[in-house]
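Engineer: next come a sequence and a model predicted from it.
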Amino acid sequence: MENAVIYAEKRTKKGKSQARKLRSANKIPAIIYGKDIDPTLISIDLKEWNRFHKNFKRTTIATLKIKSNGSYEERPVMVKDIQYDYLGDKVLHVDFLQISMERPVEIEVGIHIVGESIGTKKGGIVEQHLHSVLIECLPNQIPEKIEIDISNLDIGDSVHLNEITIPGIKILGSLDVAVVTIVPPTSEEVGPSTETTEPERIEKKKEEE
């Protein structure tokens, strides 16, 4: 779990024209929403966002310090969504989800495969079907990633979601889905040919047939 601080300012005006004015002033329009709270409009200085985003991860829990009337209000948040321009390099809007450290959250976490399987030593291939999974847990229990050790897997063996057990974490979705499988090698060894016919002539013969 990552923790960070990001500063913002409360705003009262909304709409496309106001959003354009903020962006032209190097500010990013944003909003905070969550369970049992009214949505709060804020803006973030572009330099402040770049500082925060430099080490940002989807599992980051941030303390959002919102300036209003000369004082700061603190809220624990997570980044729920980031909207970019059509080129994908300019941030247009950010959605923050206000959380409670005592209330479970749903979040998508990456899956990382570790170890060398028995099957790959025999020529098998690691086929990873899922690269992330939706989980539910308390904010302070969010893992940076979920590691799956495939050392004991032979060719044909798989690991399914229902085999992943982490204290305090609930795996969501269809639990019978395979996360990773060791599949047989796809290449086949071809023995030496006993025929002396040239390949070009074989292809011609096939065409004539």
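Structural biologist: Alright, I've got the coordinates.
Engineer: the strands in this protein, which residues?
Structural biologist: For the chain, strands defined by DSSP state E occupy the ranges 2-10, 27-33, 40-45, 60-68, 71-84, 91-98, 105-114, 125-128, 132-137, 146-149, 158-160, 170-171, 178-183.
Engineer: ok, now how distant is K16 from H93?
Structural biologist: 11 Å (CB to CB, to the nearest Å). The C-beta positions use only the backbone N, C-alpha and C, and glycine is treated the same way.
Engineer: so these two - more neighbours on which side?
Structural biologist: H93 (15 against 8; other CB atoms under 10 Å).
Engineer: show me what the more buried one is bridged to.
Structural biologist: Judged by DSSP bridges, the bridge partners of H93 are Q83.
Engineer: that one contacts Q83, correct?
Structural biologist: Yes - H93 lies in contact with Q83 (CB atoms under 8 Å); the separation is 4.3 Å.
Engineer: is I148 bridged to anything, and to what?
Structural biologist: Beta-bridge partners, per DSSP bridges, of I148: I113.
Engineer: what is the burial count for it?
Structural biologist: Residues lying near I148 (other CB under 10 Å) number 18.
Engineer: same question, I66
Structural biologist: A count of nearby residues for I66, using other CB under 10 Å, gives 21.
Engineer: G88 too?
Structural biologist: Around G88 there are 6 residues (other CB under 10 Å).
Engineer: on that earlier part again, any chance of the strands of the chain in a markdown table, plus mean pLDDT and distance to R20?
Structural biologist: A markdown table is the format used below for the strands of the chain (pLDDT from 0 to 100; distance: least, CB to CB, whole Å):
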| stretch | mean pLDDT | distance to R20 |
| --- | --- | --- |
| strand 2-10 | 86 | 17 |
| strand 27-33 | 96 | 9 |
| strand 40-45 | 96 | 12 |
| strand 60-68 | 92 | 22 |
| strand 71-84 | 93 | 14 |
| strand 91-98 | 95 | 10 |
| strand 105-114 | 95 | 31 |
| strand 125-128 | 96 | 43 |
| strand 132-137 | 95 | 34 |
| strand 146-149 | 96 | 41 |
| strand 158-160 | 97 | 49 |
| strand 170-171 | 96 | 42 |
| strand 178-183 | 97 | 44 |
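Engineer: for those, which one sits closest to R51?
Structural biologist: strand 2-10 (8.2 Å; CB to CB).
Engineer: what residues sit buried inside the closest one?
Structural biologist: Going by neighbour count (16 or more other CB atoms under 10 Å), the buried part of strand 2-10 is 4, 6-9.
Engineer: neighbouring strands for it, and are they parallel or not?
Structural biologist: By DSSP bridges, strand 2-10 pairs with strand 40-45 (antiparallel), strand 60-68 (parallel).
Engineer: just the residues contacting it, thanks.
Structural biologist: 30, 40-45, 48-49, 52, 55-57, 59-68, 72, 144 (CB atoms under 8 Å, 6 or more residues apart in numbering).
Engineer: out of the buried residues of strand 2-10, which two sit at the greatest distance?
Structural biologist: Farthest-apart pair in these is A4 and E9; separation 17.8 Å (CB to CB).
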